[in-house]
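[1] My questions are about this predicted structure, shown below with the sequence.
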Amino acid sequence: MLGQGPSKCLGSINLATGIQQSKSAAYGGVTLAQALAAAESTTSLEFKPHSVHFFFILSVDTTVPVEYHVQSLRDGRSFCTRSVQAIQNGKIVSSLQASFHVVRCTDTESFLGTEEGSRRFFFWVRAKVQMDLRM
(Lines give C-alpha, C1' and ligand atoms only; values in the text may rest on other atoms or scores of the structure.)
Protein backbone atom coordinates (compact mmCIF):
# COMPACT_ATOMS: atom_id res chain seq x y z
CA MET A 1 0.00 0.00 0.00
CA LEU A 2 1.21 3.50 -0.75
CA GLY A 3 2.49 5.59 2.13
CA GLN A 4 2.45 2.81 4.68
CA GLY A 5 5.45 1.58 6.59
CA PRO A 6 6.37 -1.91 7.72
CA SER A 7 4.27 -3.86 10.19
CA LYS A 8 5.56 -4.83 13.64
CA CYS A 9 4.19 -7.71 15.74
CA LEU A 10 4.29 -7.64 19.55
CA GLY A 11 3.10 -10.33 21.98
CA SER A 12 0.83 -9.80 24.96
CA ILE A 13 1.76 -9.81 28.60
CA ASN A 14 -0.53 -11.19 31.32
CA LEU A 15 -4.13 -10.25 30.49
CA ALA A 16 -5.58 -11.34 33.84
CA THR A 17 -6.19 -8.55 36.38
CA GLY A 18 -7.57 -8.45 39.90
CA ILE A 19 -10.51 -6.22 38.93
CA GLN A 20 -12.18 -8.42 36.35
CA GLN A 21 -15.23 -10.59 37.04
CA SER A 22 -14.14 -13.53 34.92
CA LYS A 23 -10.92 -15.53 34.99
CA SER A 24 -11.22 -16.36 31.27
CA ALA A 25 -12.34 -13.05 29.70
CA ALA A 26 -9.94 -10.10 29.66
CA TYR A 27 -10.95 -6.72 31.07
CA GLY A 28 -11.41 -4.32 28.12
CA GLY A 29 -9.18 -1.61 29.55
CA VAL A 30 -6.25 -4.02 29.59
CA THR A 31 -6.56 -4.86 25.90
CA LEU A 32 -6.92 -1.17 25.02
CA ALA A 33 -3.87 -0.24 27.12
CA GLN A 34 -1.75 -2.98 25.58
CA ALA A 35 -2.76 -2.02 22.03
CA LEU A 36 -1.90 1.63 22.73
CA ALA A 37 1.41 0.62 24.33
CA ALA A 38 2.22 -1.48 21.25
CA ALA A 39 1.47 1.50 18.98
CA GLU A 40 3.50 3.89 21.15
CA SER A 41 6.48 1.51 21.17
CA THR A 42 6.88 2.12 17.42
CA THR A 43 7.19 5.93 17.76
CA SER A 44 9.98 8.19 18.95
CA LEU A 45 9.88 9.17 22.63
CA GLU A 46 8.86 12.75 21.76
CA PHE A 47 5.52 11.54 20.32
CA LYS A 48 2.63 11.30 22.78
CA PRO A 49 -0.92 9.98 22.17
CA HIS A 50 -3.13 12.66 20.66
CA SER A 51 -6.25 10.78 19.51
CA VAL A 52 -7.32 7.14 19.95
CA HIS A 53 -10.17 5.12 18.47
CA PHE A 54 -10.62 1.56 19.77
CA PHE A 55 -13.05 -1.16 18.75
CA PHE A 56 -13.84 -4.28 20.78
CA ILE A 57 -14.65 -6.96 18.18
CA LEU A 58 -14.51 -10.30 20.05
CA SER A 59 -13.97 -11.30 23.67
CA VAL A 60 -10.36 -12.03 24.66
CA ASP A 61 -9.42 -15.25 26.47
CA THR A 62 -6.83 -14.54 29.19
CA THR A 63 -5.32 -18.03 28.84
CA VAL A 64 -4.30 -17.52 25.18
CA PRO A 65 -1.61 -15.03 24.04
CA VAL A 66 -2.62 -12.03 21.95
CA GLU A 67 -0.49 -10.69 19.09
CA TYR A 68 -0.56 -6.95 18.44
CA HIS A 69 0.19 -6.15 14.80
CA VAL A 70 1.20 -2.49 14.46
CA GLN A 71 1.08 -0.80 11.06
CA SER A 72 2.79 2.56 10.58
CA LEU A 73 0.36 4.63 8.50
CA ARG A 74 2.18 7.99 8.60
CA ASP A 75 5.37 9.41 10.07
CA GLY A 76 5.55 13.19 9.91
CA ARG A 77 7.56 15.81 11.79
CA SER A 78 4.76 16.67 14.22
CA PHE A 79 2.26 13.82 13.89
CA CYS A 80 2.38 10.09 13.27
CA THR A 81 -0.42 7.57 12.91
CA ARG A 82 -0.58 3.89 13.82
CA SER A 83 -3.09 1.09 13.29
CA VAL A 84 -3.07 -1.92 15.62
CA GLN A 85 -4.89 -5.20 15.22
CA ALA A 86 -5.03 -7.54 18.22
CA ILE A 87 -5.14 -11.13 17.01
CA GLN A 88 -5.96 -14.21 19.08
CA ASN A 89 -6.41 -17.71 17.64
CA GLY A 90 -6.07 -16.26 14.14
CA LYS A 91 -9.00 -13.83 14.60
CA ILE A 92 -8.98 -10.06 15.03
CA VAL A 93 -10.33 -9.40 18.55
CA SER A 94 -9.82 -5.62 18.64
CA SER A 95 -8.67 -2.74 16.49
CA LEU A 96 -7.02 0.55 17.43
CA GLN A 97 -6.27 3.69 15.41
CA ALA A 98 -3.99 6.18 17.15
CA SER A 99 -2.55 9.56 16.27
CA PHE A 100 0.55 10.81 18.10
CA HIS A 101 1.76 14.40 18.38
CA VAL A 102 5.21 15.73 19.22
CA VAL A 103 5.58 17.39 22.59
CA ARG A 104 8.72 19.48 22.20
CA CYS A 105 10.10 21.04 25.33
CA THR A 106 13.67 20.93 26.54
CA ASP A 107 13.10 23.22 29.52
CA THR A 108 10.28 21.83 31.69
CA GLU A 109 10.12 24.92 33.90
CA SER A 110 9.48 27.31 31.02
CA PHE A 111 6.92 24.89 29.58
CA LEU A 112 5.11 24.59 32.93
CA GLY A 113 5.38 28.35 33.46
CA THR A 114 2.44 28.91 31.13
CA GLU A 115 -1.16 28.12 32.00
CA GLU A 116 -1.63 26.08 28.81
CA GLY A 117 1.62 24.19 29.39
CA SER A 118 0.65 23.33 32.96
CA ARG A 119 -2.80 22.16 31.88
CA ARG A 120 -1.47 19.98 29.05
CA PHE A 121 1.26 18.50 31.27
CA PHE A 122 -1.28 17.69 34.03
CA PHE A 123 -3.61 15.85 31.63
CA TRP A 124 -0.69 14.05 29.97
CA VAL A 125 0.64 12.82 33.34
CA ARG A 126 -2.84 11.82 34.49
CA ALA A 127 -3.39 9.78 31.32
CA LYS A 128 -0.01 8.06 31.68
CA VAL A 129 -0.63 7.14 35.34
CA GLN A 130 -4.04 5.65 34.53
CA MET A 131 -2.52 3.73 31.63
CA ASP A 132 0.28 2.29 33.76
CA LEU A 133 -2.13 1.21 36.51
CA ARG A 134 -4.28 -0.73 34.04
CA MET A 135 -1.39 -2.63 32.50
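    Ah, there it is. Residues are numbered from 1 along each chain as shown.
[2] partners of the longest strand along the chain in the sheet?
    Using DSSP state E, we find that the single longest strand of the chain is strand 91-102. Sheet pairing for strand 91-102, assigned by DSSP bridges, gives strand 47-56 (antiparallel), strand 79-88 (antiparallel).
[3] Serialize these to CSV and add fields for distance to P65, mean pLDDT and mean neighbour count.
    For every residue, glycine as well, the C-beta is placed using N, CA and C. Below are those laid out as CSV (distance: least, CB to CB, whole Å; pLDDT from 0 to 100; neighbours: other CB atoms under 10 Å):
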stretch, distance to P65, mean pLDDT, mean neighbour count
strand 47-56, 18, 91, 15
strand 79-88, 7, 94, 21
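[4] TSV please, covering the ones you listed and showing distance to V102.
    Putting the strands paired with strand 91-102 into TSV (distance: least, CB to CB, whole Å) gives the following:
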stretch	distance to V102
strand 47-56	6
strand 79-88	7
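[5] which one of the ones you listed lies closest to G29?
    Distance to G29, taken as CB to CB, is lowest for strand 47-56 among the strands paired with strand 91-102, at 10.0 Å.
[6] Give me the residues contacting the closest one.
    Under the criterion CB atoms under 8 Å, 6 or more residues apart in numbering, residues 28, 31-32, 35-36, 40, 79-80, 93-103, 124, 127 lie in contact with strand 47-56.
[7] What's the ChimeraX syntax to select whichever of these are buried?
    Buried members of these, defined by 16 or more other CB atoms under 10 Å, are picked up in ChimeraX with:
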select :31,32,35,36,40,80,93,94,96,97,98,99,100,102
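[8] V70: which of the strands paired with strand 91-102 is closest?
    Nearest to V70 among the strands paired with strand 91-102 is strand 79-88; the distance by CB to CB comes to 5.1 Å.
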